[in-house]
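# Let me see the structure of the following:
(one chain, ligands or ions: 1)
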Amino acid sequence: MHFNNDLPFVLAITGASGSIYGLRTLQFLLDAGVKVDLVISDGAMQVMKEEMQLDLKDDLQNKLITYLNEGAAPRDWSFSIHNILNYGAPIASGSYRTQGMAIIPCSVGTLGALANGLTNNLIHRAAACCLKERRKLVVVVREMPFGHIQLKNMLALSEAGAIVACASPGFYHQPQTISDQIDFVVGRLLDQFGFDHQLFQRWKEDKRAMMKWGSKSSL
Ligand SMILES: Cc1cc2nc3c(=O)[nH]c(=O)nc-3n(C[C@H](O)[C@H](O)[C@H](O)COP(=O)(O)O)c2cc1C
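Predicted structure coming up:
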């Protein structure tokens with residue numbers, strides 16, 4: 001599949017634990033100048049409140065911008081945010097072209113809906129559009145352990161063309177902080193879409209480069 005970075009990217013955050021993964025992804029995409037169509041489920045808002053003491057209710061866009069500006073030089077963040085039940089949003093139609101969609105984190109509830117073709121909210125509908133248009137859809141599921149139904153749903157969604165990932169950070173990049181772990185998961189998601197990033201140290205990448213230069217200099 002050819003990615004056109006001028007096309008918008010659909011980002012959905014659902015109510016699995018780890019809303020921070022979704023917000024970090026949003027931050028990366030906006031920093032990279034990607035046009036983002038964002039949808040946040042009610043479940044995600046509840047989790048953000050519990051996990052991050054971030055209450056986005058009532059003034060979602062402005063509160064999100066305040067969050068994004070925290071600890072950074074204030075700037076104009078530009079993105080489209082859609083109400084979870086707005087089936088009139090552009091992303092509810094397959095004819096609205098996008099470079100794909102990521103759901104991070106993805107709850108097992110949303111996973112189940114997608115695997116069974118339900119379109120009870122805009123996230124489900126936008127994902128269904130991605131699948132039918134054969135655009136890239138990556139879901140980063142978070143649950144532990146997985147039940148039989150969830151495992152079957154993951155298989156069904158993968159067979160339908162989605163990439164099913166888990167929010168399972170590795171340790172081979174020698175993480176020192178929780179941010180390192182978040183960036184690992186977000187970075188591996190971004191890899192699926194071909195975004196260039198330096199969010200984590202790739203396995204042996206430096207060592208290979210060093211060997212290459214080492215052998216050159218020893219000639
Ligand atoms: C603090 C908190 C943590 C949660 N963690 C998870 C989780 O890791 N995985 C999951 O599938 N659901 C989790 N849930 C439950 C979902 O939020 C709930 O099932 C919700 O209906 C999912 O709907 P959504 O997919 O539309 O966001 C959590 C809920 C809360 C309040």
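# for the protein, what spans make up the strands?
Counting by DSSP state E, the chain has strands at residues 9-13, 36-40, 80-82, 101-106, 137-141, 163-166.
# Could you look over the ones you listed and pick the most buried one?
Each of those was scored by mean neighbour count; the highest is strand 101-106, a mean of 29, by mean count of other C-beta atoms under 10 Å. Every C-beta, even on glycine, is put in place using the N, C-alpha and C of the backbone.
# Can you lay out the strands of the chain as JSON lines showing mean pLDDT and distance to residue 30?
Shown next, in JSON lines, are the strands of the chain (pLDDT from 0 to 100; distance: least, C-beta to C-beta, whole Å):
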{"stretch": "strand 9-13", "mean pLDDT": "98", "distance to residue 30": "10"}
{"stretch": "strand 36-40", "mean pLDDT": "98", "distance to residue 30": "6"}
{"stretch": "strand 80-82", "mean pLDDT": "97", "distance to residue 30": "12"}
{"stretch": "strand 101-106", "mean pLDDT": "98", "distance to residue 30": "14"}
{"stretch": "strand 137-141", "mean pLDDT": "98", "distance to residue 30": "18"}
{"stretch": "strand 163-166", "mean pLDDT": "98", "distance to residue 30": "22"}
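# want to throw the ones you listed into CSV with distance to the ligand?
Below are those laid out as CSV (distance: least, C-beta to the nearest ligand atom, whole Å):
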stretch, distance to the ligand
strand 9-13, 8
strand 36-40, 9
strand 80-82, 14
strand 101-106, 7
strand 137-141, 7
strand 163-166, 11
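# could you dump these to a markdown table with distance to residue 175?
Shown next, in a markdown table, are these (distance: least, C-beta to C-beta, whole Å):
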| stretch | distance to residue 175 |
| --- | --- |
| strand 9-13 | 23 |
| strand 36-40 | 26 |
| strand 80-82 | 31 |
| strand 101-106 | 18 |
| strand 137-141 | 17 |
| strand 163-166 | 17 |
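# what about residue 134, how many neighbours?
The tally of other residues near residue 134 (other C-beta atoms under 10 Å) stands at 10.
# Spatially, which residue comes closest to it, not counting chain neighbours?
Sequence neighbours aside, residue 161 is the residue nearest to residue 134 in space, at 6.5 Å (criterion: C-beta to C-beta, 6 or more residues apart in numbering).
# Same question for residue 63.
residue 56 (4.8 Å).
# gap between the one you found and the ligand?
13 Å (C-beta to the nearest ligand atom, to the nearest Å).
# ok, that residue touching residue 46?
No: the pair residue 56 / residue 46 is not scored as a contact, 10.2 Å apart, by C-beta atoms under 8 Å.
# Between these two, which is the more surrounded one?
Ranked by neighbour count (other C-beta under 10 Å), residue 56 and residue 46 place residue 56 first, with 20 against 14.
# and that one, what does it touch?
40, 45, 48, 63, 64 (C-beta atoms under 8 Å, 6 or more residues apart in numbering).
# cool, residue 84 as well?
39, 40, 41, 42, 121, 122, 123 are the contacts of residue 84 under C-beta under 8 Å, 6+ apart.
# neighbours around the fourth one, how many?
Residue crowding around residue 42 was assessed by other C-beta under 10 Å; the count is 13.
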